[in-house]
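Q: I would like to see how this sequence folds:
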Amino acid sequence: MMTLKDLEKVQKTFQEAGQDYQVELESGKIIIVGPSDIVSSEIGVIFSWLLANWVYPITHKLS
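A: Here you go, the predicted model:
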């Protein structure tokens, strides 16, 4: 089982190597999360736009 100290060591190793990876500790396992790419960024923007349209619908017609 990995600990928070183990997680910090792995994160520091990635940072020293110039790698843009994030690590997470989940149920004693270290999960490596790669950097986001343009596709995942576009999906996030579209999702946010759709969610905003649902939360804040236009209630009047445009002239």
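
Q: Now the longest helix belonging to the chain: average pLDDT?
A: Determined from DSSP state H, the single longest helix within the chain is helix 38-55. Throughout helix 38-55, pLDDT has a mean value of 92.

Q: Convert that helix to PDB, retaining C-alpha atoms only.
A: Taking Å, rounded to 0.1, in the frame of the first residue of the first chain, the C-alpha atoms of helix 38-55 are listed here in PDB:
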ATOM      1  CA  ILE A  38      -6.200  19.600 -27.200                       C
ATOM      2  CA  VAL A  39      -9.000  17.100 -27.700                       C
ATOM      3  CA  SER A  40      -9.700  16.800 -24.000                       C
ATOM      4  CA  SER A  41      -9.600  20.600 -23.700                       C
ATOM      5  CA  GLU A  42     -12.100  21.000 -26.500                       C
ATOM      6  CA  ILE A  43     -14.400  18.500 -25.000                       C
ATOM      7  CA  GLY A  44     -14.200  20.400 -21.700                       C
ATOM      8  CA  VAL A  45     -15.100  23.700 -23.400                       C
ATOM      9  CA  ILE A  46     -18.000  22.200 -25.200                       C
ATOM     10  CA  PHE A  47     -19.300  20.500 -22.100                       C
ATOM     11  CA  SER A  48     -19.100  23.700 -20.100                       C
ATOM     12  CA  TRP A  49     -20.900  25.600 -22.900                       C
ATOM     13  CA  LEU A  50     -23.700  23.000 -23.000                       C
ATOM     14  CA  LEU A  51     -24.000  23.100 -19.200                       C
ATOM     15  CA  ALA A  52     -24.100  26.900 -19.100                       C
ATOM     16  CA  ASN A  53     -26.900  26.900 -21.800                       C
ATOM     17  CA  TRP A  54     -28.900  24.500 -19.700                       C
ATOM     18  CA  VAL A  55     -28.400  26.300 -16.400                       C
END
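
Q: From the chain's centroid, how far away is that helix?
A: A distance of 14 Å separates the centroid of the chain from that of helix 38-55, by CA atoms, centre = their mean, to the nearest Å.
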